[in-house]
Every structure is written in C-alpha cells, then in structure tokens.
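Participant: build me a model:
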Amino acid sequence: MSRSLKSLRGTRSPRAIISAIAVAIALVVVLPASAVALAHAVAAPPANPTSADQIQNIDQVKTAIKAYYGDTLTSTLDPVNGTVALHTFSPTGAYANEMARLEDGATKYLDKEVKKGGPKPKPDPKPKPKGGPKNAGTPAILLDVDDTTLNTYNYEIYSNFVYNPVQNAAFVNAASFPAVPGMPALVSHAASKGYQVFFLTGRPESQRAGTVTNLTNAGYATPAANHLYL
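Facilitator: Here you go, the predicted model:
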C-alpha cells in the first residue's frame, strides 16, 4: 500500500525510513539507533485531548512538511488525468540533507557488519537434510519500497495528503516515484560489499510490474521480480 504520509496521521521521517533497513545474516537484525543517530520523534497529540491547544493544526503541519521537503514544482504532469504539474523534493533541502547524514551512518554500519562477519545465527538443534540451502549466512538488506527506496511526495501533494486507491494505483503503475535521495547509491554500495538486496511492500500483486519498473528506472540495480516481496 503506497501511503507514505498516511494522511498526516502516520508521517514517516527519514529516521524511521533508515531504521527500517535490516541486516540479515541468517537472522534479520534491525539497524540500531546508534548507527544513524536517531533523535526523538515529535510528540503526538494526546489520545484524549482536553484542550484545542493540544491538537496540531493540520494546515500548519502540511506547510511544515512542504518546507521540510523543499517543495519544488516540476513540469511532469500527473498520471491520473495528465493535467496537474507534479511537485517533488528539493535536492538541497532539509529532507535530502538529513537523508545524506543518515545514509552515511547506515553505510558505515553495513561496512562494519560485513567486516566482522555479522551476527552469528544460533545453531539449529534439528539436523538439516542433505540438499538444503547452500547460502545460509549470506548477508542481505531488506528495504521497504514506499519512502525508503521510492519517494512518494509527489503523490502526497497531488492528493493533498489524502489517500485515494485508484489515483495512487495510477502513480504506482506509471512508475511515477523518484528514488529517495541517496538510496540507490547506498544499495549499490551494499551490493558491492556482498549483501543481497531485497524489497518489501504492502502493494497488491497487480502493482508488481509497475513497482519493478519504477525501482529499475529510479536506479536500483537489482529490483528483479524475485527480489520483490508483496
């Protein structure tokens, strides 16, 4: 399901995005906070507000999101009706700069893990039958698609942060999303160090082809269909 900002109720920061990167060496190990210098998330409104002052103003939140991404108008028209110019993030804005810092930490973490051989899997007391998998212990990274590898900001602005499954499917199947800045380079670096690369998404099977095409067009070298899990 491609719902990056979840209609403002589940906004995912780059910190959350990079935290989603996992290292799998027979086991999946979540990237630790220390590797990417995670900061505390902005406090959410209380579950049961007793005052209007405790509730964030939606329009102010939208304005803040646009400023953070460095909202930039493009000449590309929407894939739904072909009438609305799409927006994107600025390559020099706060979002792109924060991503660069986080990806630097992630790169160092991946390098360190592969040098020391990664975490050792616990021995399985049950004997393995002959002819079992030969690549147990191969390092791998598992990456979410929406707003971890592909940036969906253009759809969020087009839809005014309101999820519409038909419109969203048009964006997905038209391979409309650019890469999250810096992520193709991080993935390429990981692959060069021997990590296998896998992609995970909650999108439906009907959007597999569009997703694979989008990943390929965005610069990911190994988004083969058998490396994408829906």
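
Participant: ok, the residue lying closest to Tyr158 once chain neighbours are set aside to Thr107 distance?
Facilitator: Excluding the flanking residues, the one nearest Tyr158 by CB to CB, 6 or more residues apart in numbering is Asp78, at 5.5 Å. For glycine as for every other residue, the C-beta is placed from the backbone atoms N, C-alpha and C. In this view, Asp78 and Thr107 are 34 Å apart by CB to CB, to the nearest Å.

Participant: repeat for Leu215
Facilitator: To Thr107, Leu215 is 20 Å away according to CB to CB.

Participant: name the SS class of the residue lying closest to Asp71 once chain neighbours are set aside, please.
Facilitator: Nearest non-adjacent residue to Asp71, counting by CB to CB, 6+ apart: His87, 5.5 Å away. Following DSSP: H, G, I helix; E, B strand; the rest coil, His87 is assigned to strand.

Participant: give me the distance between His87 and Ser159.
Facilitator: According to CB to CB, His87 stands 11 Å off from Ser159.

Participant: pLDDT at the closest residue to Asn217 other than its chain neighbours, what is it?
Facilitator: With CB to CB, 6+ apart as the criterion, Asn217 has its nearest non-adjacent residue at 5.5 Å, and that residue is Ala175. Here the pLDDT value assigned to Ala175 is 97.

Participant: neighbours around Ala175, how many?
Facilitator: Neighbour count of Ala175, defined by other CB atoms under 10 Å: 18.

Participant: thought Glu103 was touching Pro184?
Facilitator: No: taking contacts as CB atoms under 8 Å, Glu103 lies outside contact range of Pro184: 10.4 Å.

Participant: so between the two, which is more surrounded?
Facilitator: A direct count of neighbours by other CB under 10 Å for Glu103 and Pro184 places Glu103 higher, at 23 against 16.
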